[in-house]
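*Asks:* model this:
(2 chains, ligands or ions: 2)
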Amino acid sequence: MTNAPAIRVQGLVKRFGKTEVLTGIDLEAARGEVTCLLGPSGSGKSTLLRCIAFLEEATDGFIEIDGAPLGFALGPDGDRMRLPPNDIRGVRSKIGMVFQQFNLWPHMTALGNVMEALVTARGMSKAEAEERARARLAEVGLAERATHYPSELSGGQQQRVAIARALALEPKIMLFDEPTSSLDPELTGEVLNVMRKLAEGGMTMVVVTHEIGFAASVGHKIVFLDQGKILVEGTPGEVFGKPRHPRIDQFLDTYLDRGAAGLL
Amino acid sequence: MSWDLFLLLLQASVTTIVVSVVSIVLGFLLATVVCAGTMSSNTLARGAGRLFVSFFRGTPLLVQLLLIYHLLPQIGLDVPSEVAAVAGMALCTAAYQAEILRGGFGAVPKGLMEAADMCGLGAFATFRRIRLPIAVRLTLPSLVSEIIMILKASSLVSVVGVIELTRMTQDLAASTFLPLPLYASAGVIYLAINAVIAGVGTVLERRVARGHA
Ligand SMILES: Nc1ncnc2c1ncn2[C@@H]1O[C@H](COP(=O)(O)OP(=O)(O)OP(=O)(O)O)[C@@H](O)[C@H]1O
Ligand SMILES: [Mg+2]
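*Replies:* Ligands and ions are numbered 1, 2, ... in the order given. Just a heads-up that it's a prediction; the model follows:
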């Protein structure tokens, strides 16, 4: 258990009807490792992340979080067996997720958003939950915005509240699906800085992003997905350095962002 | 026109208010059931919900009231006309409120429920704390309009013998030969009641507007 990787994905297949979106993914992430998922639109990045979060049920294959099977396990007769809901809930509680659209609850303040699950799902007292929520909001630099509603916050501030909301539940793993893609360029920095700090603090992270500069400087591992398969995998130096896979070259031409060229 | 006449109108408007309020509340409760039916993955429940909505939205309330009024004694239910009136209005508004709620539930972004799921809220807590409050906030203006519509439509229940504001005004106009001041007074009373409803609605909308994108 203690030596198990934070995330292990084995032979993951996901079909929507007849279209096979993930065609057998194998992936491991050690504790404290930052994995950046790159790839063209429609390559299956979100689907892979959502399978790891169990928001989407894989058609085949296995996922382990900290050594514990998520959702499905190999049964005694060698068949794929669905685990009971309680097990699933337990393993999922180790996973925090941050969405492209923030998904803050509009009828609750920033503080309310961060406190909600602590009180409703974890049974914490209001006072205790508020103390923890305020601490998490302070960490993302939003102590003064605690009583603001999402509609009163900028996109970057909303995304930082969403990160605080996930962190308040003390996850072992944080998943990010294009956390800065719906932000104005001048607001992406404040979110990426929070994520960089989190990585430095040793959080295991899987980040779907088009911010090549962030991936190259913060990522320990780059995973390049193409048509539901892992095409290239390695350190930023291996993946972005020359000689490069022609698909990566092509991809960089399309997505290379501000200042990233200098980092490669 | 004397004060006595005006007091009679006010008395009748109490009937208008009571019949309307009871219909709206019963209708809302029924609407949540019908709405659950129309949104259900169960074919039978969905079909039943849709049939209910298409019947009660597709026929005039006047016809529904008369139908219920004559149907109830046929099936052995000898009830006062007030009950028949409330039953008709509640069934009718339930169909409209169910459609309003369905729109509201459908408009709650899926991502908000996924965020709740990732935070470990569970199905019931997600419904109670996230989905329902947002759906009601989204549909508040439509629900207020529906309440006002029902209050005005309550003038129709006189056909089953309930003496509410409109019917009382008609009766008094016929016996006193003062139609103009009487109908004007009735109009003012309807307007006043609806102004209060609209006012409460606006206050509520303003209170929830802050918590909105
Ligand atoms: N619920 C679904 N039903 C059917 N097909 C789906 C569903 N979700 C995703 N897909 C399909 O799966 C493929 C991969 O989608 P996915 O969202 O994982 O791509 P992505 O790599 O995240 O792309 P992007 O960069 O545009 O976000 C796409 O072809 C998409 O149309
Ligand atoms: Mg995506």
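*Asks:* can you give me the strands for chain A?
*Replies:* All strands of chain A, identified by DSSP state E, fall at A:7-16, A:19-29, A:34-38, A:60-65, A:68-69, A:72-74, A:80-82, A:95-98, A:173-177, A:204-208, A:221-226, A:229-234.
*Asks:* Check whether the third one comes near ligand 1.
*Replies:* No. For a cut-off given as Cβ under 6 Å from any ligand atom, strand A:34-38 has no contacts with ligand 1; the smallest distance is 8.2 Å. (C-beta placed from N, C-alpha, C; glycine too.)
*Asks:* by how many degrees do that strand and strand A:7-16 diverge?
*Replies:* Strand A:34-38 and strand A:7-16 are oriented at 20 degrees to each other (axes from the mean of the first three to the mean of the last three Cα atoms, to 10 degrees).
*Asks:* Tell me the neighbouring strands of strand A:34-38, and mark each as parallel or antiparallel.
*Replies:* strand A:204-208 (parallel), strand A:221-226 (parallel) (DSSP bridges).
*Asks:* ok, and which of those strands has the densest surroundings?
*Replies:* strand A:204-208 (a mean of 25; mean count of other Cβ atoms under 10 Å in any protein chain shown).
*Asks:* Quick one: distance of that strand to the chain centre.
*Replies:* In terms of Cα atoms, centre = their mean, to the nearest Å, the centre of strand A:204-208 is found 4 Å from the chain centre.
*Asks:* what sits up against it?
*Replies:* By Cβ atoms under 8 Å, 6 or more residues apart in numbering or on different chains, the residues outside strand A:204-208 that reach it are A:6-7, A:29-38, A:45-46, A:49, A:52, A:172-179, A:195, A:198-199, A:214-215, A:219.
*Asks:* What subset of those is buried?
*Replies:* Buried residues within these, counting neighbours by 16 or more other Cβ atoms under 10 Å in any protein chain shown: A:6-7, A:29, A:31, A:33-38, A:45-46, A:49, A:52, A:172-179, A:195, A:198-199, A:214-215, A:219.
*Asks:* if we can go back for a sec, which of the strands paired with strand A:34-38 sits closest to B:Val159?
*Replies:* strand A:204-208 (63.4 Å; Cβ to Cβ).
*Asks:* So for the closest one, mean pLDDT?
*Replies:* Averaged over strand A:204-208, pLDDT sits at 98.
*Asks:* That one close to ligand 1?
*Replies:* No. Strand A:204-208 is not in contact with ligand 1 by Cβ under 6 Å from any ligand atom; minimum separation 6.5 Å.
*Asks:* Can I get that strand in CSV, CA atoms only?
*Replies:* Below are the C-alpha coordinates for strand A:204-208, written out as CSV (Å, rounded to 0.1, in the frame of the first residue of the first chain):
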residue,chain,number,x,y,z
THR,A,204,0.0,14.9,-6.8
MET,A,205,-1.6,16.6,-9.7
VAL,A,206,-2.9,15.7,-13.2
VAL,A,207,-3.4,18.8,-15.3
VAL,A,208,-5.0,19.0,-18.7
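*Asks:* Just the angle for that strand relative to strand A:60-65, thanks.
*Replies:* Computed by the same axes, to 10 degrees, the angle between strand A:204-208 and strand A:60-65 is 130 degrees.
*Asks:* quick one, strand A:204-208 and strand A:173-177 angle?
*Replies:* 10 degrees.
*Asks:* can you give me the angle strand A:204-208 makes with strand A:19-29?
*Replies:* Using the same axes, to 10 degrees: strand A:204-208 against strand A:19-29 is 150 degrees.
*Asks:* Neighbours of residue 121, how many?
*Replies:* The chain I'm using is chain A. For A:Ala121, the neighbour count with other Cβ atoms under 10 Å in any protein chain shown is 19.
*Asks:* that's the wrong chain, I wanted chain B
*Replies:* As a burial measure, B:Leu121 scores 20 neighbours (other Cβ under 10 Å).
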